[in-house]
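Student: Here's a sequence, model it:
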Amino acid sequence: MKVDTSLTQSSFSDVSKDDPANGYALPYIEAAKENNIVSGYEDGTYRPANALTKIDRGIMANDSDGRFNSTEQVNRYMLVLSTYNVMVSVSSVKAIDANKVEVKFTNAVRTE
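Tutor: Numbers count the residues shown, from 1 in each chain. The predicted structure is shown next:
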């Protein structure tokens, strides 16, 4: 996933480069949105100071895996099973440079 670290404006109303607590995360939040990993809340906010819930992490894992997007109706079984499959497949995540992240998996990535 490419990250444009030169970004200074966010598409979310509550994410600002000038925020001392979360401003550094603006380019990463925007990259996650661009790659359909996060979508924020219906009111146009991202709420960067909120703690991630298990459901939030599950939805992010599923969306990043491409199994289904967050606008689809999913049941608990689909969410738990898909999240488990994603989590056990990741062996390492490493920042290569300011614009690139390398993710290695324990199993081959299926494209079907």
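
Student: what's the residue closest to the geometric middle of this structure?
Tutor: residue 37 (3.8 Å; C-alpha atoms, centre = their mean).

Student: correct me, but that residue touches residue 64?
Tutor: Yes: if you go by C-beta atoms under 8 Å, residue 37 and residue 64 touch, sitting 4.6 Å apart. Every C-beta, even on glycine, is put in place using the N, C-alpha and C of the backbone.

Student: ok so, going back, is it true that the residue nearest to the centre of the chain lies in a strand?
Tutor: No: per DSSP: H, G, I helix; E, B strand; the rest coil, residue 37 lies outside any strand segment and is coil.

Student: and it, backbone torsions?
Tutor: For residue 37, the backbone dihedrals are phi -90, psi -30 (criterion: degrees, to the nearest 10).

Student: got a list of what it touches?
Tutor: Listed by C-beta atoms under 8 Å, 6 or more residues apart in numbering, the contact set of residue 37 reads 60, 63-64.

Student: can you count the residues close to residue 40?
Tutor: 19 (other C-beta atoms under 10 Å).

Student: With residue 3 instead?
Tutor: 20.

Student: ok, it to residue 52 distance?
Tutor: 19 Å (C-beta to C-beta, to the nearest Å).

Student: give me the number of residues near residue 59?
Tutor: Using other C-beta under 10 Å, residue 59 is surrounded by 22 other residues.

Student: What backbone torsions are found at it?
Tutor: phi -60, psi -40.

Student: and the closest residue to residue 100 other than its chain neighbours, what does it touch?
Tutor: Spatially, and ignoring its direct neighbours in sequence, residue 100 is nearest to residue 2 (6.9 Å; C-beta to C-beta, 6 or more residues apart in numbering). For residue 2, the contact set (C-beta under 8 Å, 6+ apart) comprises 31, 99-100.

Student: again, only this time at 10 Å
Tutor: 27, 31, 34-35, 99-101 (C-beta atoms under 10 Å, 6 or more residues apart in numbering).

Student: The spatially closest residue to residue 13 that is not a sequence neighbour: how many residues sit nearby?
Tutor: Computed as C-beta to C-beta, 6+ apart, the closest residue to residue 13 that is not its neighbour in sequence is residue 44, at 4.8 Å. Other residues near residue 44 come to 10 when the count uses other C-beta under 10 Å.
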